[in-house]
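In: quick one: sequence plus predicted model below, questions after.
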Amino acid sequence: MGPGIKNQNTSEGGFELQFQDQSSISKNTPPLPPLVADDANFFVRNARKVYHPIGFRKGYNFSFWFICCGAMLGFCAARAMFLDIEGVFFESTLLAEKYWYSNFSLYRIGITIHLACVVPAGILVFFQFMPIIRYKALYLHRINGYLIILLILIANAGALMIARRAFGGGVETQAVVYLLATMTTTSLLLGYFNIKKLQIEQHRKWMIRAWAYLGVIITMRFMMLIAATIINQMGSYWMGVTCGELEFGFIDGNNTLAAETAFRARYPGCIDSKGMILSDKNIAIQGLTDGRVEEAGVGYKLGFGMAAWVCLVLHAVLAEVYLALTSRETERLRMVSYEKQKARGWANPGREGLTADRIDGVPWVPRQTE
């Protein structure tokens, strides 16, 4: 820390930032709002008793954190049991998914890596965005941040390994998985780069974007249910399913001889002239969530890619709307970045990170206050 910067804590990945010693900041730095407002009503006064102790100064920031990070925590905590791949996960997943994960080592390794990394990361991020940890245990915040970035990067690698078979592995599904992995990886790396340059407001933006994109996996569940219901009601959507998947659905957990006999009777198109099963041949299966097991699986797989695309666009737009509506916080954090970079003696204080004015636009200058 340079002269004039005392007892400051950076906002690494969070919604806001607090100074414990306001006297150490330049008069040009926009001040934080007061902890208590004279005109606060009964609800606000009591709400502050909840969110002030964990470091939040603004009610809307606490609301966003509680809803978004709380949803991520709950979702990942509920999915922690899926780390038992052979047991709970195989019992809960679609039979077609189980076919690929249990019979092909590449996909088995991919799903194991993905779940083992993304579930802990989703739990840890709840605490990463909690301001009190940044204020009281900054090193813990940093270590937790490094761990989360590493876990997500590895989880993305696992997701890419299974993209070809995830929920049918259609081109629309593969495309959205590759894009989502690229967007989250890029955002995390840009956030890391900017905090190393003490460009705190850009670090905040990119980390919020990264987790907005990662939150797609939650909202798309609801979209998938809606899509599956519509597909079931229409009854006119079909999908190609390999005979190997269909056979596995019959045989898994059943008497092998009786199950294979039933499979051959229902899908004679999967049998060649010599009585051998054509595992790679595709059979058209109707998507009906209230139909047979294989039809129900198709009903959910048909809506996966669409749900992922719609929710990714929705989350990306909402993240940018949130960042645009909190421009005052962005400007305040840029002044903090300016003070820190200036104290380090860097050449371009306020714009050492990846800011827009390094490429084009009017160069940023510190805001002058009375």
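Out: Received it, and whenever you're ready, just let me know what you need. Numbers count the residues shown, from 1 in each chain.

In: low-confidence ranges, this protein, go.
Out: Residues of the chain meeting the criterion pLDDT under 70: 1-40, 253, 255, 368-370.

In: middle-most residue in it, spatially?
Out: A centroid search over the chain (CA atoms, centre = their mean) returns residue 214, at 1.3 Å, as the residue closest to the centre.

In: what ranges do the helices span in the stretch 151-300 of the chain?
Out: 171-196, 200-214, 216-234, 243-251, 256-266, 293-325 (DSSP state H, counting those that start in this stretch).

In: which stretch among these comes nearest residue 46?
Out: helix 293-325 (25.3 Å; CB to CB). C-beta here means a position set from N, CA and C on the backbone, and glycine is covered the same way.

In: tell me, how many residues neighbour the residue nearest to residue 156 when sequence neighbours are not counted?
Out: Counting by CB to CB, 6 or more residues apart in numbering, residue 156 lies nearest to residue 181, which is 4.2 Å off, once chain neighbours are set aside. Counted with other CB atoms under 10 Å, the neighbours of residue 181 add up to 20.

In: now do residue 181 against residue 300, distance only.
Out: According to CB to CB, to the nearest Å, residue 181 and residue 300 sit 22 Å apart.

In: hang on, the residue nearest to residue 156 packs against residue 161?
Out: No: if you go by CB atoms under 8 Å, residue 181 and residue 161 don't touch, sitting 10.6 Å apart.

In: surely residue 148 is in contact with residue 124?
Out: Yes: at 5.3 Å, residue 148 counts as touching residue 124 under the criterion of CB under 8 Å.

In: mind putting the helices of the stretch 151-300 of the chain in CSV, distance to residue 165 included?
Out: Below are these laid out as CSV (distance: least, CB to CB, whole Å):
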stretch, distance to residue 165
helix 171-196, 9
helix 200-214, 21
helix 216-234, 17
helix 243-251, 10
helix 256-266, 21
helix 293-325, 11
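
In: what sits against the residue nearest to the centre of the chain?
Out: Contacts for residue 214 (CB atoms under 8 Å, 6 or more residues apart in numbering) come out as 72, 122, 152, 184.

In: in a markdown table: these, plus distance to residue 296.
Out: Listed next are those as a markdown table, based on distance: CB to CB, whole Å:
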| residue | distance to residue 296 |
| --- | --- |
| 72 | 28 |
| 122 | 27 |
| 152 | 32 |
| 184 | 31 |
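
In: closest one of those to residue 230?
Out: For the contacts of residue 214, the nearest to residue 230 is residue 72 (27.2 Å; CB to CB).

In: what about that closest one, which helix or strand?
Out: Per DSSP states H and E: residue 72 is located in helix 70-79.

In: how about residues contacting that helix?
Out: 115, 118-123, 125-126, 211, 214-215, 217-218.

In: apply 10 Å and report the result again.
Out: With contacts defined as CB atoms under 10 Å, 6 or more residues apart in numbering, helix 70-79 is touched by 66, 82, 88-89, 92, 115, 118-127, 129, 211, 214-215, 217-219, 221.

In: which other helices and strands contact the following helix or strand past it?
Out: Sequence-wise, the next helix or strand downstream of helix 70-79 (DSSP H and E) is helix 90-92. Using 3 or more CB pairs under 10 Å, 6 or more residues apart in numbering; DSSP states H and E, the elements in contact with helix 90-92 are helix 95-103.

In: now do the helix it packs on against helix 243-251, angle only.
Out: Relative orientation of helix 95-103 versus helix 243-251 (axes from the mean of the first three to the mean of the last three CA atoms, to 10 degrees): 100 degrees.

In: quick one on the thing from earlier: closest to residue 292 out of the contacts of residue 214?
Out: For those, the nearest to residue 292 is residue 122 (33.8 Å; CB to CB).

In: the nearest residue to that closest one once chain neighbours are set aside and residue 101: what is the separation?
Out: Leaving aside its chain neighbours, residue 122 sits nearest to residue 76 (3.3 Å; criterion: CB to CB, 6+ apart). With distances taken as CB to CB, residue 76 is found 20 Å from residue 101.

In: ok, now residue 227?
Out: Taking CB to CB, one finds residue 227 at 23 Å from residue 101.

In: now the helices for the stretch 1-150 of the chain?
Out: Assigned by DSSP H, counting those that start in this stretch, the helices in the stretch 1-150 of the chain fall at 42-51, 59-64, 70-79, 90-92, 95-103, 105-128, 131-136, 138-162.

In: so can I have CSV of those helices showing distance to residue 310?
Out: Shown next, in CSV, are the helices of the stretch 1-150 of the chain (distance: least, CB to CB, whole Å):
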stretch, distance to residue 310
helix 42-51, 32
helix 59-64, 21
helix 70-79, 18
helix 90-92, 24
helix 95-103, 22
helix 105-128, 21
helix 131-136, 32
helix 138-162, 19
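
In: just tell me which of those helices ends up closest to residue 233.
Out: Minimum separation from residue 233 across these (CB to CB) falls at helix 95-103, 22.3 Å.

In: put the alpha carbons of that closest one into PDB.
Out: Taking C-alpha atoms only, helix 95-103 is exported to PDB below (Å, rounded to 0.1, in the frame of the first residue of the first chain):
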ATOM      1  CA  LEU A  95     -31.400 -43.500 -18.900                       C
ATOM      2  CA  ALA A  96     -29.900 -42.200 -22.100                       C
ATOM      3  CA  GLU A  97     -27.400 -40.100 -20.100                       C
ATOM      4  CA  LYS A  98     -26.600 -43.000 -17.900                       C
ATOM      5  CA  TYR A  99     -25.900 -45.100 -21.000                       C
ATOM      6  CA  TRP A 100     -23.100 -42.800 -22.200                       C
ATOM      7  CA  TYR A 101     -21.700 -42.100 -18.700                       C
ATOM      8  CA  SER A 102     -21.500 -45.700 -17.600                       C
ATOM      9  CA  ASN A 103     -20.300 -47.300 -20.900                       C
END
